[in-house]
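J.: this one's structure only:
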């Protein structure tokens with residue numbers, strides 16, 4: 001299939017495809033003296049990607065070139081959309097050994113932890129983008145020629161702070177990614193796969209008891225309230241069923257579910273994709289559990305029709321039943337999870353937006369994970 005990104009607006013191309021296009025364009029210029037305004041590269045499925053080139057610079061006498069390709073994400077939501085990928089190429093005499101050397105420059109991260117596709121200490125340039133680069137430039141080289149390809153992302157260090165890279169131990173920039181070179185819209189699968197990398201890092205350090213949390217709030221307060229290493233805290237976003245399925249497959253023995261009530265309450269109702277567009281029974285679940293302790297229909301009605309979970313928390317606090325309700329919910333979260341994933345032990349701690357403990361249900365094997373002050377409510 002041919003993807004002509006001079007006109008294609010639905011699909012996009014990856015940072016790996018940008019790097020391959022830049023490398024091809026740079027070597028083509030050094031070999032033929034022609035500055036291309038687009039290149040055609042082929043992925044391992046035989047698809048042709050026609051990618052625009054923004055800028056070509058170089059010195060034919062020194063056999064060095066610099067090409068800038070602007071990343072395009074199509075209709076997908078991607079923080080790297082529109083960034084510049086800069087590729088420097090230098091043709092050298094090849095005398096055996098590594099013929100095509102691919103390295104990172106400014107804004108490309110370095111891997112500092114085990115468990116990822118790239119070895120610790122190497123540039124965060126994944127295997128598939130490396131293969132894509134090699135596949136497309138090898139035919140341009142004479143038999144005695146090698147090439148150094150350096151990939152830089154001018155805004156990479158800034159963007160990396162908005163990704164999972166710091167948590168995964170990728171420092172100094174973003175990763176060069178992409179399996180086919182093509183970005184498809186609504187790439188939920190790609191996002192879930194990126195979350196899985198956290199499991200691989202944790203397991204590489206032999207952690208078998210982990211903390212699963214929806215996102216930043218849980219991670220922030222997990223560091224303060226739990227006796228765990230950073231790598232034991234795994235952000236699952238909304239994909240609880242997917243991430244726990246994978247954890248069970250990979251041999252995780254215990255999971256402490258930890259996070260803000262707005263997400264965790266849904267798990268008590270058996271809702272394991274917690275995105276509001278999929279299901280949102282928070283108020284109904286909270287009303288049901290509150291009715292065990294509150295008999296006023298007016299109060300229960302206010303809970304049912306509250307705008308936010310934090311509003312309900314305040315109602316329960318005023319009624320004096322806050323911890324009883326959330327202890328019951330935490331217990332139910334554990335019961336449902338144990339019933340579905342029988343090879344994993346579970347515990348649960350529920351917090352509010354400020355990290356205050358609302359309720360918990362903690363098994364004996366999880367007690368070493370929690371600091372004593374967690375029980376001082």
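T.: Received, thanks. This is a predicted model, so every value here is computed, not measured.
J.: quick one: the strands in the stretch 151-300 of the chain?
T.: 170-171, 173-174, 182-183, 209-213, 233-235, 254-260 (DSSP state E, counting those that start in this stretch).
J.: Over to the stretch 1-150 of the chain?
T.: Along the stretch 1-150 of the chain, counting by DSSP E, counting those that start in this stretch, strands occupy 2-4, 12-13, 38-42, 48-52, 55-59, 64-70, 84-93, 100-104, 107-108, 110-111, 145-152.
J.: Let me know which of those is tucked in deepest.
T.: Mean neighbour count (mean count of other CB atoms under 10 Å) peaks for strand 12-13 among the strands of the stretch 1-150 of the chain, with a mean of 26. Quick note: C-beta positions are derived from backbone N, CA and C, even for glycine.
J.: of the strands of the stretch 151-300 of the chain, which approaches residue 17 most closely?
T.: Evaluated over these, closeness to residue 17 peaks at strand 182-183, with 7.4 Å, by CB to CB.
J.: Now do the closest one, average pLDDT.
T.: For strand 182-183, the mean per-residue pLDDT is 84.
J.: Report all helices and strands that that strand contacts.
T.: strand 12-13 (3 or more CB pairs under 8 Å, 6 or more residues apart in numbering; DSSP states H and E).
J.: Could you report the distance from the residue nearest to residue 89 when sequence neighbours are not counted to residue 99?
T.: Spatial nearest neighbour of residue 89, excluding adjacent residues (CB to CB, 6 or more residues apart in numbering): residue 26 at 3.6 Å. The gap separating residue 26 from residue 99 is 16 Å, by CB to CB, to the nearest Å.
J.: The two - which one has more neighbours?
T.: Of the pair residue 26 and residue 99, residue 26 is the one with more neighbours under other CB atoms under 10 Å, namely 30 against 15.
J.: dump the residue contacts of the more buried one.
T.: Residues in contact with residue 26 (CB atoms under 8 Å, 6 or more residues apart in numbering) are 56, 58, 65-67, 87-89.
J.: Just put those in CSV and tack on pLDDT and distance to residue 151.
T.: Output for the contacts of residue 26, formatted as CSV (pLDDT from 0 to 100; distance: CB to CB, whole Å):
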residue, pLDDT, distance to residue 151
56, 95, 16
58, 90, 16
65, 95, 13
66, 96, 11
67, 96, 11
87, 97, 6
88, 96, 8
89, 95, 10
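J.: just to revisit the earlier point, with distance to residue 209 added, can I get the strands of the stretch 1-150 of the chain in TSV?
T.: As requested, the strands of the stretch 1-150 of the chain are exported to TSV (distance: least, CB to CB, whole Å):
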stretch	distance to residue 209
strand 2-4	45
strand 12-13	39
strand 38-42	45
strand 48-52	44
strand 55-59	51
strand 64-70	44
strand 84-93	40
strand 100-104	34
strand 107-108	34
strand 110-111	25
strand 145-152	38
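J.: Residue 244: which of those is closest?
T.: It's strand 110-111; of the strands of the stretch 1-150 of the chain, that one is closest to residue 244 (CB to CB) at 26.2 Å.
J.: Which other helices and strands does that closest one contact?
T.: Here strand 110-111 touches strand 170-171, going by 3+ CB pairs under 8 Å, 6+ apart.
J.: Pairing partners for the strand it packs on, with directions?
T.: Note on strand 170-171: by DSSP bridges, its sheet partners are strand 110-111 (antiparallel).
J.: Need the contact partners of the partner strand.
T.: Against strand 110-111 from outside (CB under 8 Å, 6+ apart): 104, 118-124, 169-173.
J.: For residue 271, find the nearest of the strands of the stretch 1-150 of the chain.
T.: So among these, strand 12-13 is nearest, using CB to CB, at 31.7 Å.
J.: buried subset of the contacts of strand 110-111?
T.: Among the contacts of strand 110-111, those classed as buried by neighbour count (16 or more other CB atoms under 10 Å) are 104, 118, 123-124, 169-170, 172-173.
J.: how long is stretch 162-171 end to end?
T.: 12 Å (CA to CA, to the nearest Å).
J.: Let me fix that, I meant to ask about stretch 150-165.
T.: Stretch 150-165 end-to-end distance (CA to CA) = 20 Å.
J.: next one: stretch 71-83
T.: From its first residue to its last, stretch 71-83 covers 5 Å (CA to CA).
J.: For that stretch, what does the pLDDT average out to?
T.: Taken as a whole, stretch 71-83 has a mean pLDDT of 84.
J.: buried residues in it?
T.: 71-74, 76, 78, 80, 83.
J.: Out of the residues you listed, flag the one nearest to residue 177.
T.: Set against residue 177, the nearest of the buried residues of stretch 71-83 by CB to CB is residue 80 (8.9 Å).
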